[in-house]
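J.: everything below, folded, please.
(4 chains)
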There are 2 protein chains.
Amino acid sequence: MAFFLSTFTNKVDKKGRVSVPATFRAAVAGGAFPGIVLYRPFNLACIEGADMAFLERLSDQFYDEFGPFNPDQAALTATILAGAVQLAFDPEGRVMLPGEFKEHAGITDTATFVGIGRKFQIWGPEAFEAYQADQFVKAAEAAPKLRPAKGGQP
Amino acid sequence: MAFFLSTFTNKVDKKGRVSVPATFRAAVAGGAFPGIVLYRPFNLACIEGADMAFLERLSDQFYDEFGPFNPDQAALTATILAGAVQLAFDPEGRVMLPGEFKEHAGITDTATFVGIGRKFQIWGPEAFEAYQADQFVKAAEAAPKLRPAKGGQP
DNA sequence: CCATGTCATCCCATGATATCCCATAAATAC
DNA sequence: GTATTTATGGGATATCATGGGATGACATGG
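T.: Take a look at the predicted model:
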């Protein structure tokens, strides 16, 4: 499955197009769908994205955890999957962010792509800086909870 | 998985390129990504690096231990993975160190690669000497805490 | 059924920057 | 002594992000 790392800030032109970082495009290349899938997380003011395989796995996870007719499963499915969009790359590797997605993330003319493993996020630059500072503190608290693993933690 | 040993000091040219020690390149060869992955550790003025499999395993460990929407998981991935970079080797086995990484480690025209097992570090030469002297003292204190291992000690 | 405007997609151009490719020199192996 | 590998330097080339114009699809209204 695709893997996303690093942070990139790109411009959104007046047509609403934005270049997906080349490394992210390379990460999803070879998958079933030549593009990315975006959805709005319920608890963050950003856009989340991944390749198609990630969303399929997420859907299966909802079913396996809760069962096919469970209300929790229905709520998560309706919130995340029903509101998702798949965006194809244009020949230059750009996508068009839908208006509702840009509003949800507070994106106007600049978008920050943040790779966080199997998925990535898209933020307005100033919102991301605030979020990142907050997460740094939380990460320092959470790190000791990790169990030892071969190779050690960073 | 890759394993890194020993210390090497190489030049950083005016384009920002630096040769990765040949033994380190050999250690990551055969992996999915022909290069290395770097990130800035919380509490050290250096760069840490490993192969791609190291970060993939770390990321998947976060997901498995905390669940896909857990706040601790989000904090750790946002802090470590978002600040990481993947650097591919050029045909001569060099990589380009990003400016923020060089500044964080105080690297200008010389970089010291330090293999420490499953990962390695990159230091400015004078910062590394000070760090190494400090670690020698701490190692002497820590060694007695090791428990006996089946099969005897080295 | 056709005309029209809107929107999205494609295609080309551009500057910056990173990547490739070749050359050199030192060290090591045979 | 010769051949390889390695680290290093510099010029040439390709890639990437970005902007704008042209072409096409679609729906709406006449």
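
J.: low pLDDT regions in chain A?
T.: A:146-154 (pLDDT under 70).

J.: quick one: the helices in chain A?
T.: Ranges of helices within chain A are A:22-28, A:52-66, A:71-76, A:99-105, A:125-142, based on DSSP state H.

J.: could you identify which of the ones you listed is most buried?
T.: helix A:22-28 (a mean of 18; mean count of other C-beta atoms under 10 Å in any protein chain shown). (C-beta placed from N, C-alpha, C; glycine too.)

J.: need the residues of chain A near DNA strand C, please.
T.: Residues of chain A lying near DNA strand C by C-beta under 7 Å from any atom of the strand: A:15-17, A:88, A:90-92, A:96.

J.: which of the residues you listed sits closest to A:D64?
T.: For the residues of chain A next to DNA strand C, the closest approach to A:D64 (C-beta to C-beta) belongs to A:A88, at 29.7 Å.

J.: for that closest one, give the beta-bridge partners.
T.: A:A88 has these beta-bridge partners by DSSP bridges: A:G35.

J.: burial of it, as a residue count?
T.: The burial count assigned to A:A88 is 10, neighbours taken as other C-beta atoms under 10 Å in any protein chain shown.

J.: that one reaches A:G35, doesn't it?
T.: Yes: taking contacts as C-beta atoms under 8 Å, A:A88 lies within contact range of A:G35: 4.0 Å.

J.: for B:M1, see how far away the closest residue to DNA strand C within chain A is.
T.: Closest to DNA strand C within chain A is A:D90: 4.1 Å, counting by C-beta to the nearest atom of the strand. Using C-beta to C-beta, to the nearest Å, A:D90 is found at 39 Å from B:M1.

J.: what residues does chain A put near DNA strand D?
T.: Taking C-beta under 7 Å from any atom of the strand as the contact definition, chain A meets DNA strand D at A:8, A:10-11, A:13-15, A:18-22, A:25-26, A:92-94.

J.: and the residues you listed, which two are the farthest apart?
T.: A:K14 and A:A26 (27.5 Å).

J.: that older thread, among the residues of chain A next to DNA strand D, name the ones in strands.
T.: Using DSSP state E, the subset of the residues of chain A next to DNA strand D located in strands is A:8, A:10-11, A:18-19, A:94.

J.: related to what we said a few turns ago, any of the residues of chain A next to DNA strand C buried? List them.
T.: A:M96 (16 or more other C-beta atoms under 10 Å in any protein chain shown).

J.: turn the residues of chain A next to DNA strand C into JSON lines, columns for distance to A:D109.
T.: Below are the residues of chain A next to DNA strand C laid out as JSON lines (distance: C-beta to C-beta, whole Å):
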{"residue": "A:K15", "distance to A:D109": "12"}
{"residue": "A:G16", "distance to A:D109": "10"}
{"residue": "A:R17", "distance to A:D109": "11"}
{"residue": "A:A88", "distance to A:D109": "22"}
{"residue": "A:D90", "distance to A:D109": "19"}
{"residue": "A:P91", "distance to A:D109": "23"}
{"residue": "A:E92", "distance to A:D109": "18"}
{"residue": "A:M96", "distance to A:D109": "14"}
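
J.: need the max-distance pair from the residues of chain A next to DNA strand C.
T.: Maximum distance among these (C-beta to C-beta): 16.8 Å, for A:G16 and A:P91.
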